[in-house]
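> here is my input, please return the structure:
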Amino acid sequence: MRALGIDLGAKRIGVALSNSEGTVALPYEVVERTGDRERDHRRLAELVEETEAEVVVVGLPYSLDGRVGPAARRAVAEVRALERVLPVPVHTHDERMSTVSAHRSLAEAQMDSRARRKVVDKVAAAVILQAWLDGRRARAATQTNSEHEDAPR
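Numbering: from 1, shown residues only. Modelled structure (predicted):
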């Protein structure tokens with residue numbers, strides 16, 4: 001299952017794409033915000049079509065203590081708008097620390113700060129999407145294990 005990951009930012013939207021098996025997320029694109037949210041959402045819908053994504057995963061920026069703060073409320077409102085435009089299911093995933101993790105990875109790769117700014121949003125989207133994919137796989141494995149435990153012997 002191919003999935004598209006989205007990191008909603010005020011100036012840019014990071015986009016990541018999984019492989020067709022839904023096991024690995026890779027940075028894909030950065031969409032510059034135009035100031036017209038509907039236009040930005042149409043671009044995301046085009047990306048869903050172009051990549052043949054079957055699901056979209058949007059990062060929710062919870063507060064570090066897990067609360068839904070102003071940023072998360074804005075993201076939820078945007079997710080609701082995306083659900084009306086995108087032709088596939090839209091899921092959300094906790095994105096706490098995804099941008100920090102992306103910056104750290106890029107710094108470890110010895111990328112300078114100017115170059116990092118150009119790609120950090122799509123790398124953060126890949127971090128979010130990979131976490132969602134890993135969680136999905138873990139839930140499926142747990143479910144399979146519990147089904148085997150319940151089977152008659």
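
> can you give me the helices in the chain?
Taking DSSP state H as the test, the helices found in the chain are 37-51, 70-85, 98-108, 113-150.

> those: which one's closest to Ser18?
helix 113-150 (6.0 Å; C-beta to C-beta). (Glycine included, C-beta is placed from N, CA and C.)

> could you pull up the mean pLDDT of the closest one?
Confidence over helix 113-150, taken as the mean pLDDT, stands at 80.

> how about stretch 33-41?
Averaged across stretch 33-41, the pLDDT comes to 97.

> end to end on that stretch, go ahead and measure it.
In stretch 33-41, first residue to last residue: 10 Å (C-alpha to C-alpha, to the nearest Å).

> go through it and flag the buried ones.
Buried positions in stretch 33-41, judged by neighbour count with 16 or more other C-beta atoms under 10 Å: 40-41.

> make TSV out of the helices of the chain and add distance to Pro61.
Putting the helices of the chain into TSV (distance: least, C-beta to C-beta, whole Å) gives the following:
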stretch	distance to Pro61
helix 37-51	17
helix 70-85	4
helix 98-108	9
helix 113-150	10
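
> nearest to Leu26, of the ones you listed?
Of all the helices of the chain, the one in closest proximity to Leu26, counting by C-beta to C-beta, is helix 113-150 (5.9 Å).
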